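Enquirer: give me a model of this one.
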Amino acid sequence: MKNFLILILVTSCLFSCSDKQKDPPKNKPKNNDWSKVHSISFNQEINEREAIQIALFLDHHKDYEMTETETGLRYMIYKDSIGETKPKNGQQASISLKINLLDGTECYSTAKGDFEEFTIDKSDEESGINEAVKLMSVGDQAKLILPSHLAHGLLGDLDKIPPQSILLIDIQLNTIK
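Expert: Residues are numbered from 1 along each chain as shown. Purely as a prediction, here's the structure:
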């Protein structure tokens, strides 16, 4: 009798299981559902949101007379050295800078008298800084606003700059070689 009950229990378990797969939940995307269209839409949404944040910031800082480039970099050269030579791709540049978030939180700063060196367009320096330096002459000082796609993007720098951060940078171009 005991063996008979075990046989019935095992048989009922076997027949109660079916090979039919359940449909995935409607709200859970499949791995292959993310597409190029989704990526473009996602990036456009981020850019629009950041453009609004930057516009609000500039509305409160009327003294910042920024010029916007095609990439979304905003810059204002507030100390013009009247230099003729603009840095080019591949040249070595030395800069002094102070990097803040739009809310004023300081992230990084070169010490007074110190500078940072990098090769233009061939370094890990933010693409927005590379672009801005090429608009400057030696001795120029400028304020920059870098949307996240010109700074540290979706992840931030994994240290002091949070993900998707817009940066406010005060920069001086010291030398080019």
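Enquirer: can you pull up the most central residue in this protein?
Expert: Gly153 (1.8 Å; CA atoms, centre = their mean).
Enquirer: what about Met136, distance to Leu173?
Expert: Between Met136 and Leu173 the computed distance is 4 Å (CB to CB, to the nearest Å). The way it works is simple: take the backbone N, C-alpha and C, and place the C-beta from them, glycine included.
Enquirer: remind me, longest helix of this protein?
Expert: The longest helix of the chain (DSSP state H) is helix 36-60.
Enquirer: tell me which strands the helix or strand following that helix pairs with, and in which orientation.
Expert: Later in the chain than helix 36-60, the nearest helix or strand by DSSP states H and E is strand 67-68. Strand 67-68 sits in its sheet next to strand 74-79 (antiparallel), going by DSSP bridges.
Enquirer: grab the nearest non-local neighbour of Ser123.
Expert: The shortest distance from Ser123 to any non-neighbouring residue, by CB to CB, 6 or more residues apart in numbering, is to Asn130 (7.6 Å).
Enquirer: which residues touch Thr175?
Expert: Counting by CB atoms under 8 Å, 6 or more residues apart in numbering, Thr175 makes contact with Ala93, Ser94, Val138.
Enquirer: give me the number of residues near the second one?
Expert: It stands for Ser94. Neighbour count of Ser94, defined by other CB atoms under 10 Å: 17.
Enquirer: repeat for Ile176
Expert: With other CB under 10 Å as criterion, Ile176 counts 20.
Enquirer: picking up where we left off before, could you name the helices and strands sitting against the longest helix of the chain?
Expert: strand 141-146 (3 or more CB pairs under 8 Å, 6 or more residues apart in numbering; DSSP states H and E).
Enquirer: so after the strand it packs on, what's the next helix or strand?
Expert: Assigned by DSSP H and E, the successor of strand 141-146 is strand 167-176.
Enquirer: rounded mean pLDDT for that following strand, please.
Expert: Averaging pLDDT along strand 167-176 yields 96.
Enquirer: any buried residues in that strand, and which?
Expert: Leu167, Leu168, Ile169, Ile171, Gln172, Leu173, Asn174, Ile176 (16 or more other CB atoms under 10 Å).
Enquirer: quick one, that strand and strand 74-79 angle?
Expert: 50 degrees (axes from the mean of the first three to the mean of the last three CA atoms, to 10 degrees).
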